[in-house]
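> Quick one, structure for this:
(one chain, ligands or ions: 1)
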Amino acid sequence: MIRKVLIANRGEIAVRIIRACHELGIEAVAVYSKADRDSLHVRLADQAICIGEASSQQSYLHIPSIIAAAEISGADAIHPGYGFLAENPDFAQICEDTGIIFIGPSAEAIALMGNKSAAKETMKKAGVPVVPGSDGSVHSLKEAKEIADAIGYPVMLKAAAGGGGKGMRLVHTPEELERAWITARNEAEAAFGNPEVYIEKFITKPRHIEFQVIADTHGTTIHLNERECSIQRRHQKLIEEAPSPIMTPELREKMGEAAIRAAEAVDYVNAGTVEFLVDEDRNFYFMEMNTRIQVEHPVTEQSLGVDLVKEQIRIADGQHLSIQPSPPLYHSIECRINAEDPYHYFRPSPGRIERLHLPGGPGIRIDSHIYQGYVIPPYYDSMIAKFISYGTSREEAMSRMYRALQEAIIEGIHTTIPFHIRMLENPDFIAGNFDTRYLDTHDWNTMEVVSTEERR
Ligand code: MV4
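From the prediction side, this is the model:
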């Protein structure tokens, strides 16, 4: 039985995991960097261990310090949260070798899904729809040319070791291919230490729709419906919701079945997310699998009334799944509140929170680590809170979110709250008419269509 969990993370997700531990009667151990001494996760945990300097490399990413903290505190398990070491197969393997339970999938599943081209091949073999393109990585320019000619332009070159929008290159014509091939490989080598690229047909106006899956160690794998994640800026999600405004019961059944097949193909255990691109004709294609709990997991929780983090811990403890599949019961929307100035290209805005009032009331959940007087350090991710609304319809979830955003007072720093208010006034957002390019083609403040050059 798991009695003590070390949380290898910071910020709101560390707080979220500590809450799950406490509800399960499990002790929580926080780790923190020198810049996070006054962080909420340190206060809420039963024990806290300083693991190093402010920079992530010397703290939250430093495996030996985290393993040492687990051993010193006598933790039975480590929850990695998201980011940092969550999808590092070496870390999962070291936990296993040290006799510490890693609350997540196997190192093998993490490694396989980490190579995007290998993952795609595995999915294709398992019968999961994939974007037409190369079978795995492409080995020469000649081969790239042949495949591009066969599938037709435009095509995308993607780094095998990339993901989340890193290392992608759009190619419109055969003339552009040679340069793109060289630069894509150079960039992939520089960024990931692996030059491998694969090629696929470019889907022009895709929506990003992902399925939450969860599997126990006894062979049961289920899906918990989809999340719509198309409102993104430079591959950073800003708003997510469940269910997707374009989903139908028939499409959900087909995509959910594909998501379960994807997880089963890699013997997946614990919580994971299967990402799909959905084109204008609602054809769907496997894109990536995220082998971690995600930032946006609360919209699934609030649309179904489940607790995914507690379920993760139970699964790691060897228990059977305690939740059943179900169509969405409620509609839920999440707005990511970042310490950024949306009027100046979303530039980071760290500093002291001088005054704070967080909203509440019916249908509002706030996941956050901030408090009045807290100083947001400049070293980490700029997300400071997640506003999650839920209600019996999308309209109710939207009006509750709008009300909560208006109610919030966060002074001393800039936040993305004005952006979210504008989005909830936006007729396209209200109607569910958007795709992944929405914020690259529209000025968020005026809602006017603008070219990318104008916006920088
Ligand atoms: C694509 C695509 C169009 N066609 N692949 C971006 C993140 C990475 N996981 C894959 N991405 C894309 N892949 C093909 N064949 C468009 C994107 C894309 C995108 C996808 C999801 C959410 C936002 C996006 C923003 C720009 C491009």
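> what's the burial count for F346?
19 (other C-beta atoms under 10 Å). Using the backbone N, CA and C atoms, a C-beta is placed for each residue, glycine as well.
> I'd like the distance from it to the ligand, if you could.
F346 is 15 Å from the ligand, where distance means C-beta to the nearest ligand atom, to the nearest Å.
> How about the backbone phi and psi for that residue?
Backbone dihedrals for F346, given as degrees, to the nearest 10, come out at phi 60, psi 40.
> Hmm, it is touching N338, no?
Yes. Counting by C-beta atoms under 8 Å, F346 touches N338, with 7.2 Å between them.
> what residues do those two have in common as contacts?
Overlap of the contact sets of F346 and N338 (by C-beta atoms under 8 Å, 6 or more residues apart in numbering) consists of T416.
> Do you know the pLDDT at the closest residue to Y374 other than its chain neighbours?
Leaving out its chain neighbours, the residue that sits closest to Y374 by C-beta to C-beta, 6 or more residues apart in numbering is I353, at 5.1 Å. As predicted, I353 sits at a pLDDT of 98.
> List the contacts of I353.
370-376, 410-413 are the contacts of I353 under C-beta under 8 Å, 6+ apart.
> where exactly do the helices run in the stretch 101-250 of the chain?
107-114, 116-125, 141-151, 174-192, 249-265 (DSSP state H, counting those that start in this stretch).
> which residues touch the residue in the stretch 301-450 of the chain that the ligand sits nearest to?
In the stretch 301-450 of the chain, the residue that lies nearest the ligand is T436 (3.4 Å; C-beta to the nearest ligand atom). Contacts for T436 (C-beta under 8 Å, 6+ apart) come out as 205-208, 230, 232.
> could I get stretch 289-305 in CSV with only the CA atoms?
The C-alpha trace of stretch 289-305 is given here as CSV (Å, rounded to 0.1, in the frame of the first residue of the first chain):
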residue,chain,number,x,y,z
MET,A,289,0.2,10.2,-27.3
ASN,A,290,1.0,12.1,-24.1
THR,A,291,2.1,9.7,-21.4
ARG,A,292,1.3,12.0,-18.4
ILE,A,293,-1.5,13.8,-16.6
GLN,A,294,-2.2,16.9,-18.5
VAL,A,295,-2.7,20.5,-17.6
GLU,A,296,-6.3,20.3,-18.9
HIS,A,297,-7.3,17.2,-17.0
PRO,A,298,-9.8,19.1,-14.9
VAL,A,299,-12.3,19.6,-17.7
THR,A,300,-12.6,15.8,-18.0
GLU,A,301,-12.9,15.6,-14.2
GLN,A,302,-15.7,18.2,-14.1
SER,A,303,-17.5,16.9,-17.1
LEU,A,304,-17.7,13.4,-15.5
GLY,A,305,-17.4,14.0,-11.8
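> now it, how far from the centre of its chain.
9 Å (C-alpha atoms, centre = their mean, to the nearest Å).
> residues of it that come out buried?
289-304 (16 or more other C-beta atoms under 10 Å).
> Shouldn't V31 be within a helix?
No. Assessed with DSSP: H, G, I helix; E, B strand; the rest coil, V31 is strand; it does not lie in a helix.
> From K310, how far out is it?
The gap separating V31 from K310 is 21 Å, by C-beta to C-beta, to the nearest Å.
> Over to V155?
For V155 relative to K310 (C-beta to C-beta), the value is 43 Å.
> what about those two, which has more around it?
A count of neighbours by other C-beta under 10 Å puts V155 above the other of V155 and K310, at 28 against 19.
> Alongside the ligand, which residues does this protein contribute?
Within the chain, the positions lying close to the ligand (C-beta under 6 Å from any ligand atom) are 131, 156, 163-165, 200-203, 206, 208, 232, 235, 277, 287-288, 436.
> Buried only: go through the residues you listed for me.
Buried, going by 16+ other C-beta under 10 Å: 131, 156, 163, 200-203, 206, 208, 232, 277, 287-288, 436, out of the residues of the chain next to the ligand.
> Can you redo those residues as JSON lines, where the extra columns are distance to P325?
Shown next, in JSON lines, are those (distance: C-beta to C-beta, whole Å):
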{"residue": "V131", "distance to P325": "27"}
{"residue": "M156", "distance to P325": "33"}
{"residue": "G163", "distance to P325": "27"}
{"residue": "E200", "distance to P325": "31"}
{"residue": "K201", "distance to P325": "32"}
{"residue": "F202", "distance to P325": "34"}
{"residue": "I203", "distance to P325": "28"}
{"residue": "P206", "distance to P325": "26"}
{"residue": "H208", "distance to P325": "22"}
{"residue": "Q232", "distance to P325": "27"}
{"residue": "L277", "distance to P325": "23"}
{"residue": "M287", "distance to P325": "22"}
{"residue": "E288", "distance to P325": "22"}
{"residue": "T436", "distance to P325": "27"}
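> Closest to R16 out of those residues?
Q232 (21.9 Å; C-beta to C-beta).
> you'd agree the closest one is up against L439?
Yes. Q232 is in contact with L439 according to C-beta under 8 Å; the separation is 6.7 Å.
> For D443, which non-adjacent residue is spatially closest?
V450 (5.0 Å).
> For that neighbour, which residues are in contact?
So V450 contacts 441-443 (C-beta under 8 Å, 6+ apart).
> Give me the three-state assignment for E301.
Assignment for E301 (three-state DSSP): helix.
> Nearest residue to the middle of the protein?
In the chain, the C-alpha nearest the mean C-alpha coordinate belongs to Q294, at 4.2 Å (C-alpha atoms, centre = their mean).
> for that one, what are its contacts?
So Q294 contacts 82, 210, 273 (C-beta under 8 Å, 6+ apart).
> Any buried residues in stretch 305-320, and which?
306-317.
> To clarify, my last question referred to stretch 3-16.
For stretch 3-16, the neighbour count (16+ other C-beta under 10 Å) marks 4-16 as buried.
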